[in-house]
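**Student:** How does the following fold in three dimensions:
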Amino acid sequence: MVVNSATSRAAKPHVLSRSDFASLARGCGSAQFVEFLWNAQRSRRLLLIKALLDNVERRPDLLGPLPGADAAWSVLSQAHQLQPASLDQVLRHPQVGTALSFALRRLAATSAPAASGSGSGSDAGPPLWVDFGQIHVLALVVAARAGLTWRTAVPLRAGRVMLPGLGLIDVSGLMDVSGLIDVSGAGEADRCPGSPGFDWAIAGTEGGRIWLEHHTGAVEVPADPSQDGPHWLGLRRVAVGGQPELTVWLDDLDPFRDFSDPVPPARLTERELSTWQRTLAAAWRIVCDDQPELASALAAGVASLVPLPAAYGWDNRSASTGEAFGSVMVSPPSDATALALSLVHEFQHIKLGGLMHLVTLTGSDDTAVLYAPWRDDPRPLAGLAQGAYAFLGIATFWRSHRKNLTGPAAELAAFEYAYAREQTREAVGILRGAAVLTPLGREFLELMHEHVESWLDDEIPPNVMDLVRMVADGHRAGWRIRHLRPGQAEVSTLVSAWIDGTPPPAPGVSTVVTHPDHNWSQGRLGLVRRWLLAPDELGEVLVRASWAARLTASDVAVVAGRYDVAIEGFVRQLDERPADLDAWTGLALALRATGATPASTALLGRPELVVAVERAIRAAGQVAAPLELVSWLGSGSVPLHNGPSERVG
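**Tutor:** Below is the predicted model of the structure:
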């Protein structure tokens, strides 16, 4: 199939083969295919540069006090003619894509006319020339790589400028910053009237060396840019493994290394750097041993590793963005396996993001109403597709890795595999039912579906599958009870039937109304993981683990198989706090385990209806004991189920 053409009519289009498309849909993709995606990204970033220059041509004020764009374009063209690799190396740096996209997004978000000579718009943040001025930074680095002599001016953000693939010039220590405004960057207000808090400097290159002159002082980039120097921090490069070798920038400097607005540098200490190197080396051994073909592709596709701050309540946090193709963001991993899993997980996002820059898989439905088995909030169609593909990679990782483990670790890995497999299956099923898939999107999902279904014969211990169903069904019920609302007429009819003592009528359907609680599901999942590794420590979890803050002794009882104790405890919690949503879903799991089918059907099928009816009965001055109410609702002649308009699994 022919997809987006390159930047000129003379250039060859990017042609995606059917075999590569099918391989990608099954979660694979060779190193050669990843190189194809990199070439497509090169074209895309050239188009971003062209879009930036086209906007500057229409509005020269977008570069504010900086030189015009013609000089930057001229040196980019000259460098490419003399030494094409000089431009390609810079275009392949992941954060270049983010910087270019960020400037264009900011312009699109700016609705008010720009102030004369400032290039600033109505949105909050720096003047637009600070972001559009990245074209001069890119041209400077390209000129240096090509050995050209060139002089320009570059924007300073907080007294700093990042040279992609090289490092960070920081003259903030030379400045008098008193009275400056810090809006994710600062400079000397008197140099840029109307743009307080931002600055610029003269910069140039000769003989491959880059220098910068500011009225407070001068900086020269070291001959070996990886080495730190006066007012210079080199971008560190880490290489691990052998065949294949993984070589990445360990990026703690670039302002565009994160998802959102530019961020300041967060330099790793030597000790932290050493820890990252050791953990990455161990993680890479796991990937190479478990999935050698994936390792070759991943080594070709991941170019930047961005350390993220640890987040409260998360064992490990990772992220990636389609704009920064080739970059993985990850918090300090708990161990090598966690980092290996993060690399595999985010590489899935990178591959699918690269594909979606070339072909359209979904329509324009961006309403967040779909159930994602790994998320606590409703998701839009494209977000669910990205997540499903990532979990295909997670399931693949555990499917291989579990074979190398023994004892409790092997049992936990079997759980992780089966759970990720079921999450992927459910999400793919929801996606296959979407009406706004393109033909290619439907083909992609059918191939994913066939691949995951082929794993169903894999042997999983029965006790592990029981725990998988418990966590999966509990999460779905927890999502429904928060984000779905039954119709008022249905609730009123059921309340009347309850008061009259008549059987419940046939159920209706619910609609999505997003609930503000978006971080509620980690407790029981963590409890199951702890049970598989160290069942004797469950009681201690409630007082020691931050992720267990919302758990009760009843949750421990249901995971440990003491279902009668769990039911008694959850009922007591509901007598005291009828709005305790986690107690309702915990009760559902315990009831099903004891064979109380009608009651558990009501609570697992439509828990949002149970809660709404109970609340309405109390409002009417009546009392509905939890066990009596769920047994009555579950006794209806028509089984409770997900209505098609609910758009959940």
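**Student:** quick check: domain ranges of this structure?
**Tutor:** Recorded structural domains for the chain (assignment: automatic domain parsing) are 59-224, 361-460, 465-646.
**Student:** what about these, which gets the closest to R257?
**Tutor:** Closest of the domains of the chain to R257 is domain 59-224, at 5.7 Å (criterion: CB to CB). Backbone N, C-alpha and C define where each C-beta goes, glycine included.
**Student:** give me every residue that touches V306.
**Tutor:** In this structure, V306 makes contact with 251-252, 257-258, 327-330, judged by CB atoms under 8 Å, 6 or more residues apart in numbering.
**Student:** Recalculate using a threshold of 7 Å.
**Tutor:** Contacts were defined as CB atoms under 7 Å, 6 or more residues apart in numbering; by that measure V306 touches 251, 257, 327-329.
**Student:** What separation do you get for the closest residue to W150 other than its chain neighbours and L62?
**Tutor:** With CB to CB, 6 or more residues apart in numbering as the measure, A143 is the residue that lies nearest to W150, at 4.3 Å, once sequence neighbours are left out. For A143, the distance to L62 (CB to CB, to the nearest Å) stands at 22 Å.
**Student:** got it, and I286?
**Tutor:** Looking at I286 against L62, where the rule is CB to CB, the gap reads 47 Å.
**Student:** still on that earlier bit, could you work out which of the domains of the chain reaches nearest to R278?
**Tutor:** Distances from R278 to each of the domains of the chain were compared using CB to CB; the minimum, 19.5 Å, belongs to domain 361-460.
**Student:** What is the end-to-end distance of the closest one?
**Tutor:** Chord length of domain 361-460, first to last residue, is 33 Å (CA to CA, to the nearest Å).
**Student:** So which of the contacts of V306 are in strands?
**Tutor:** Residues of those located in strands (DSSP state E): 327-329.
**Student:** Need the residues you listed in a markdown table (columns: pLDDT, neighbour count and distance to L280).
**Tutor:** What follows is the ones in strands among the contacts of V306, written out as a markdown table (pLDDT from 0 to 100; neighbours: other CB atoms under 10 Å; distance: CB to CB, whole Å):
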| residue | pLDDT | neighbour count | distance to L280 |
| --- | --- | --- | --- |
| S327 | 98 | 28 | 15 |
| V328 | 98 | 27 | 11 |
| M329 | 97 | 21 | 14 |
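**Student:** circling back: nearest to L627, of the contacts of V306?
**Tutor:** Using CB to CB, M329 is the member of these that lies nearest L627, at 46.7 Å.
**Student:** ok so V154 is a strand residue?
**Tutor:** Yes: the assignment for V154 by DSSP: H, G, I helix; E, B strand; the rest coil puts it in a strand.
**Student:** Could you tell me how many residues sit around it?
**Tutor:** V154 has 24 neighbours, counted by other CB atoms under 10 Å.
**Student:** right, and it touches L138 too?
**Tutor:** No: at 9.9 Å, V154 does not count as touching L138 under the criterion of CB atoms under 7 Å.
**Student:** Could you list every helix and strand that the strand or helix carrying the residue nearest to W150 packs against?
**Tutor:** Assignment of secondary structure by DSSP states H and E places A143 within helix 134-145. Contact partners of helix 134-145 among helices and strands, from 3 or more CB pairs under 7 Å, 6 or more residues apart in numbering; DSSP states H and E: helix 69-82, helix 84-91, helix 94-109, strand 150-156, strand 160-163, strand 199-206.
**Student:** any idea which of these is most buried?
**Tutor:** Most buried of the helices and strands packed on helix 134-145 by mean neighbour count (mean count of other CB atoms under 10 Å) is strand 160-163; its value is a mean of 25.
**Student:** what's in contact with the helix or strand that that one is followed by?
**Tutor:** Past strand 160-163, heading to the C-terminal end, the next element that is a helix or strand (DSSP H and E) is strand 167-170. Outside strand 167-170, the residues that touch it by CB under 7 Å, 6+ apart are 159-163, 212, 219, 225, 231-235, 253, 265.
**Student:** Widest-spaced pair of those?
**Tutor:** With CB to CB as the measure, no two of the contacts of strand 167-170 lie farther apart than G159 and P225, at 19.2 Å.
**Student:** Can you pick out the residue with more neighbours from those two?
**Tutor:** For G159 against P225, the residue with the higher neighbour count under other CB under 10 Å is G159, and the figures read 24 against 19.
**Student:** ok, for that one, nearest residue in space, not its chain neighbours?
**Tutor:** Once flanking residues are discounted, G159 sits nearest to S172: 2.9 Å by CB to CB, 6+ apart.
**Student:** list the contacts for the one you found?
**Tutor:** By CB under 7 Å, 6+ apart, the contact list for S172 reads 158-160.
**Student:** Kindly reformat these as JSON lines containing pLDDT and distance to A99.
**Tutor:** What follows is the contacts of S172, written out as JSON lines (pLDDT from 0 to 100; distance: CB to CB, whole Å):
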{"residue": "A158", "pLDDT": "88", "distance to A99": "15"}
{"residue": "G159", "pLDDT": "92", "distance to A99": "18"}
{"residue": "R160", "pLDDT": "94", "distance to A99": "14"}
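**Student:** For the residues you listed, give me CSV that also has distance to A557.
**Tutor:** Written out in CSV, the entries for the contacts of S172 read as follows (distance: CB to CB, whole Å):
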residue, distance to A557
A158, 53
G159, 58
R160, 55
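**Student:** Output the below-cut-off pLDDT ranges for the stretch 1-150 of the chain.
**Tutor:** Low-confidence regions of the stretch 1-150 of the chain, defined by pLDDT under 70, span residues 1-11, 111-124.
**Student:** which stretches of the stretch 301-450 of the chain form helices?
**Tutor:** Defined through DSSP state H, counting those that start in this stretch, the helices belonging to the stretch 301-450 of the chain, from first to last, are 336-356, 381-401, 407-432, 439-453.
**Student:** Thanks a lot, see you next time.
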